[in-house]
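[1] What shape does this take:
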Amino acid sequence: MSDFPLNVTAAAAVILGAMYIFMTFQIGLQRGKERIAMGDNGDPVLAKKIRGHANAAEQIPLGLILIGLNEAMNSAPTAMVLAALLVLGRIAHAIHFFGEKKPLVFRAGGMMLTILSHLLGVIGLALGLIL
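    Residues are numbered from 1 along each chain as shown. Model prediction:
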């Protein structure tokens with residue numbers, strides 16, 4: 001599979017996909033523990049996990065699209081930087097939402113890295129189109 005054109009994007013998708021599956025599983029465990037089938041039933045732990053999971057669902061697809069397009073249009077090194085920022089950002093963000101009383105710095109730092117990856121991805125694509 002060495003001739004696959006989007007190796008960096010695929011690697012990031014493997015890591016982020018595994019993380020997303022882990023998050024989904026953690027929500028299921030919390031639902032079982034608290035016997036909550038739908039919604040969060042006012043459970044603050046479950047509500048926090050659901051929100052962290054939803055944020056991942058909102059941010060990861062755009063990040064992977066931007067990584068893939070940059071990898072295809074520009075270069076693998078550009079994609080590697082974007083992927084590193086996105087993966088580190090998403091992991092930090094998940095630590096806040098799925099860890100026991102983790103400081104807000106994980107959430108804020110995770111979002112800053114995620115947004116930086118998105119911003120640099122957009123800039124890279126725009127430059128690739130212009131130049």
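[2] in what helix or strand does the closest residue to residue 20 other than its chain neighbours lie?
    Closest residue to residue 20 in three dimensions, ignoring its sequence neighbours and counting by Cβ to Cβ, 6 or more residues apart in numbering: residue 56, at 5.7 Å. C-beta: built from backbone N, CA, C; applies to glycine. In this assignment (DSSP states H and E), residue 56 forms part of helix 44-73.
[3] thinking again about what came up before, tell me the contacts of the residue nearest to residue 20?
    Counting by Cβ atoms under 8 Å, 6 or more residues apart in numbering, residue 56 touches 16, 19, 20, 23, 90, 93, 94.
[4] where are the low-confidence patches of this protein?
    Along the chain, the model assigns pLDDT under 70 to residues 1-2.
[5] rerun at 80
    By pLDDT under 80, the low-scoring segments of the chain are 1-4, 74.
[6] That one: helices as residue ranges?
    Listed in chain order, the helices found in the chain under DSSP state H are 7-34, 44-73, 76-98, 104-130.
[7] Among those helices, show me which one is buried the most.
    Here the criterion is mean neighbour count by mean count of other Cβ atoms under 10 Å, and of the helices of the chain the winner is helix 76-98, at a mean of 21.
[8] by contact count, what packs against that helix?
    Identification of packing neighbours for helix 76-98 by 3 or more Cβ pairs under 8 Å, 6 or more residues apart in numbering; DSSP states H and E yields helix 7-34, helix 44-73, helix 104-130.
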